[in-house]
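Participant: Sequence first, then the predicted structure:
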Amino acid sequence: MGVARCAAVRASVARTTVSRREGRSSAQAPAVRRRCVAVNAGTGKFIVGGNWKCNGTAASVKDLVKALNAGKIDADVDVYVAPPFVFIPRVQAELNSEKYAIAAQNCWVSEGGAFTGEVSAEMLVDANIPWVILGHSERRALCGETSEFVGEKVKYALSKGLKVALCIGETLDQRESGKTMDVCYAQLKAVNDVITAADWDNVVIAYEPVWAIGTGKVATPDQAQDVHAGIRKWCASNISPEVASKIRIQYGGSVNASNCDELATKEDIDGFLVGGASLIGDAFVTICNSAKNSK
Ligand SMILES: O=C[C@H](O)COP(=O)(O)O
């Protein structure tokens, strides 16, 4: 994992906090304040998301929550889980909120209204749901969401105070024709075109090669690292070096309890977005703790 990088971000956060406690001259204060605001979502911690997708029953969710509550999660990890909408109130009531935050799997692109089947960002905020996953490849492929539409959704969700897990990634054809980075950059650009550099503080990027999702074909640690490093470089050139150094980049695609430790050793892998294995309580807890295990 980016253990050293994450530790550096955390140290920087701690230094800033100490500086604020000790007090600074009025000339220094604005810069310090900006920096504190800027790190509110980029905590420097490893971050793992569990995307339950369209899975579960009342009974299976109850069992999963029980297993997650029983798991010990390393304090240096941020975790969110994204249940199907109908189960969110139940999960909010029963899941240990000190260990797990709640995410939605989607939200609408604008204010609510006559949009049958959709859920608005305002509703998520009103329901105390802090995170939303946007741009997942399944929504891009199955629901026809273009990169520009995803960009607008990210913009609107951020404007309402949500934190966003932005999914990007290439198909197998695109990888085999050498277009992996171009695809990722275009997906990032569509978002960057409509949000500000400061907005990125509330975004986590999830690199999910489509060919690895739900297929059991995990990207090798080197394949994932190469793309993550490219994404970070793109962020440095197109957003800012500061955003690039602190933005967290999750890997997603057939992550499980057996392959997570090795992936987590990579410098630019700052966490995971997990599908199938997030439905298995003890496997998900193992994945959440992989940064610690791989130190
Ligand atoms: O959102 C999660 C990803 O689509 C990964 O799913 P997976 O772990 O089942 O491959």
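Facilitator: Alright, I've got the coordinates. Numbers count the residues shown, from 1 in each chain.
Participant: Which positions in the protein make contact with the ligand?
Facilitator: 51, 136, 208, 213-214, 252-255, 273-277 (Cβ under 6 Å from any ligand atom). C-beta coordinates here come from the backbone N, C-alpha and C atoms, glycine included.
Participant: In the residues you listed, find the pair that's most separated.
Facilitator: Using Cβ to Cβ, the pair of those lying farthest apart is H136 and A277, separated by 16.3 Å.
Participant: Count the residues that sit near the residue in the chain that the ligand sits nearest to.
Facilitator: At 2.3 Å from the ligand, G275 is the closest residue in the chain, using Cβ to the nearest ligand atom. Residues lying near G275 (other Cβ atoms under 10 Å) number 22.
Participant: which residues of the chain fall in helices?
Facilitator: 3-22, 29-38, 58-70, 88-94, 121-126, 137-142, 147-159, 172-176, 180-192, 221-238, 241-246, 260-264, 281-288, 290-293 (DSSP state H).
Participant: I'd like those as CSV, with mean pLDDT, distance to F46 and mean neighbour count appended.
Facilitator: Putting the helices of the chain into CSV (pLDDT from 0 to 100; distance: least, Cβ to Cβ, whole Å; neighbours: other Cβ atoms under 10 Å) gives the following:
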stretch, mean pLDDT, distance to F46, mean neighbour count
helix 3-22, 45, 6, 14
helix 29-38, 27, 19, 13
helix 58-70, 98, 17, 15
helix 88-94, 98, 22, 15
helix 121-126, 98, 24, 18
helix 137-142, 97, 23, 16
helix 147-159, 98, 22, 20
helix 172-176, 96, 26, 14
helix 180-192, 98, 21, 19
helix 221-238, 98, 13, 18
helix 241-246, 97, 13, 18
helix 260-264, 97, 7, 22
helix 281-288, 98, 8, 22
helix 290-293, 86, 4, 21
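Participant: Those: which one's closest to Q105?
Facilitator: Comparing these under Cβ to Cβ, the one sitting nearest is helix 137-142, at 8.5 Å.
Participant: about what we covered before: out of H136 and A277, which sits in the busier spot?
Facilitator: H136 (28 against 20).
Participant: I figured that one hits Q105, correct?
Facilitator: Yes: applying Cβ atoms under 8 Å as the test, H136 and Q105 come out as touching, 7.3 Å apart.
Participant: so what's D78 bridging to?
Facilitator: D78 has the following beta-bridge partners by DSSP bridges: I47.
Participant: Quickly note the distance from it to R248.
Facilitator: 8 Å (Cβ to Cβ, to the nearest Å).
Participant: Likewise for V183?
Facilitator: Distance from V183 to R248, by Cβ to Cβ: 21 Å.
Participant: again with D222
Facilitator: Taken as Cβ to Cβ, the span from D222 to R248 is 20 Å.
Participant: List the contacts of stretch 206-224.
Facilitator: 49, 133, 136-138, 141, 165-172, 175, 180, 184, 227-228, 231, 249-256, 259, 262-263, 265-266, 269, 273, 275-276 (Cβ atoms under 8 Å, 6 or more residues apart in numbering).
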